[in-house]
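[1] return a 3D structure for these sequence lines:
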Amino acid sequence: MPRRLVVGISGSSGAIYGARLLEVLHGQPEIETHLVVTEAAEINLQHETDRPADAFKRLATVCYQPDDLAASISSGSFLTEGMVVAPCSMRTVGAIATSQSSNLLLRAADVTLKERRRLLLLVRETPLHLGHLRLMTQVTEMGAIVMPPVPAFYARPRTIEEMIDQTIGRALDLLGLPHNLVRRWQGLEQTKESRQ
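    Have a look, this model is predicted:
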C-alpha cells in the first residue's frame, strides 16, 4: 500500500510552501498525496506563484473540493501517514483548535488529530498577539506540531527556493518521509571544510 499524506493549502500568504511540497512528493511514486485547497488558497497560489491552482492540483494523486465532506480523507478508517497544512492561516489554526469541521481541510485535520496521526501546521502570521499564541498552544496540546516556516541560515541559503526547500525538508523529516532537500548539520568544523 502506498504511503498516503494529506496536504492542505489554506488561504494564508506562503502558498509556495504547499506548492513546493506537492512538487517534491510528485516525484516519489511510493507516496500518495491527497490535496485540499481552499478558495482563498487558490487566489494566493495564482498571485504568489503566477501559476493557476490547477497546475499544482495536477501534482497531487487525488484532489478534493473543500466542500466534499464525504471524501475518503474525512474518515479515520482511511489510513494516512498524517497531514500537513502549508501554509496554515491563523483562521485555520483557530478552527482546528475548536474542532470545527465546516470544510474538508478542517475535517481532515480533525480526523488526523483524533486518530493520533501527525498534523503539521506551517503557521504563517507575524507578529503574534496573545490570542494567536493561545490557539497555537491549544493545537499543540491536542497533538499538532506547530512549525512556522522560519528559514535556517546555518545552511547558508542563497535563494528563496533553498529557504523553502529547507522548510519542506524539515516537515518531511517530521513525517518520516524521504527527501534530499536539506543540507544536514555536521558540526561547525565539517561545515567550514565543505564550504572551502
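[2] please make it C-alpha for all contacts and neighbour counts, starting now.
    OK.
[3] tell me which residues touch G14, please.
    44, 48, 86-87, 124 (Cα atoms under 8 Å, 6 or more residues apart in numbering).
[4] helices and strands of the protein: which one bottoms out on pLDDT?
    None of the helices or strands of the chain scores lower by mean pLDDT, DSSP states H and E than helix 188-195, at a mean of 66.
[5] next, the buried residues of the top helix by length along the chain.
    Longest helix in the chain, counting residues (DSSP state H): helix 160-175. For helix 160-175, burial by neighbour count (16 or more other Cα atoms under 10 Å) applies to 162-172, 175.
[6] tabulate those residues (CSV), appending pLDDT and distance to L133.
    Shown next, in CSV, are the buried residues of helix 160-175 (pLDDT from 0 to 100; distance: Cα to Cα, whole Å):
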residue, pLDDT, distance to L133
E162, 95, 28
M163, 96, 24
I164, 96, 24
D165, 97, 26
Q166, 95, 24
T167, 96, 21
I168, 97, 23
G169, 96, 25
R170, 95, 22
A171, 97, 21
L172, 96, 24
L175, 95, 24
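[7] now, which of those residues sits nearest D68?
    Set against D68, the nearest of the buried residues of helix 160-175 by Cα to Cα is L175 (25.5 Å).
[8] the closest one and V84 touch, don't they?
    No: L175 lies out of contact with V84 (Cα atoms under 8 Å); the separation is 9.0 Å.
[9] hmm, who's touching stretch 47-54?
    With Cα under 8 Å, 6+ apart, stretch 47-54 has contacts from 13-16, 42-43, 45-46.
[10] strands of the protein, start to end?
    When assigned using DSSP state E, the strands of the chain occupy the ranges 3-9, 31-37, 62-64, 82-88, 118-123, 145-146.
[11] between these, which gets nearest to S99?
    strand 118-123 (13.5 Å).
[12] paired strands for the closest one, with orientation please.
    Here strand 118-123 is paired, per DSSP bridges, with strand 82-88 (parallel), strand 145-146 (parallel).
[13] pLDDT averaged over the first one - what is it?
    This points to strand 82-88. Taken as a whole, strand 82-88 has a mean pLDDT of 98.
[14] quick one, it and strand 3-9 angle?
    Angle, strand 82-88 to strand 3-9, by axes from the mean of the first three to the mean of the last three Cα atoms, to 10 degrees: 20 degrees.
[15] so where's the protein shaky on pLDDT?
    Along the chain, segments meeting pLDDT under 70 span 190-196.
[16] swap in 80 and give it another go.
    Flagging of the chain using pLDDT under 80 yields the residue ranges 1, 189-196.
[17] could I have stretch 139-149 exported to PDB, CA atoms only?
    Extracted as PDB, the C-alpha positions of stretch 139-149 are listed here (Å, rounded to 0.1, in the frame of the first residue of the first chain):
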ATOM      1  CA  VAL A 139      -3.500  22.800  19.000                       C
ATOM      2  CA  THR A 140      -0.100  21.700  20.300                       C
ATOM      3  CA  GLU A 141      -1.800  20.300  23.400                       C
ATOM      4  CA  MET A 142      -4.200  18.500  21.100                       C
ATOM      5  CA  GLY A 143      -1.300  16.800  19.300                       C
ATOM      6  CA  ALA A 144      -0.500  19.100  16.400                       C
ATOM      7  CA  ILE A 145       3.000  20.200  15.600                       C
ATOM      8  CA  VAL A 146       3.200  24.000  15.000                       C
ATOM      9  CA  MET A 147       6.000  24.600  12.500                       C
ATOM     10  CA  PRO A 148       6.200  28.200  11.400                       C
ATOM     11  CA  PRO A 149       8.300  28.300   8.100                       C
END
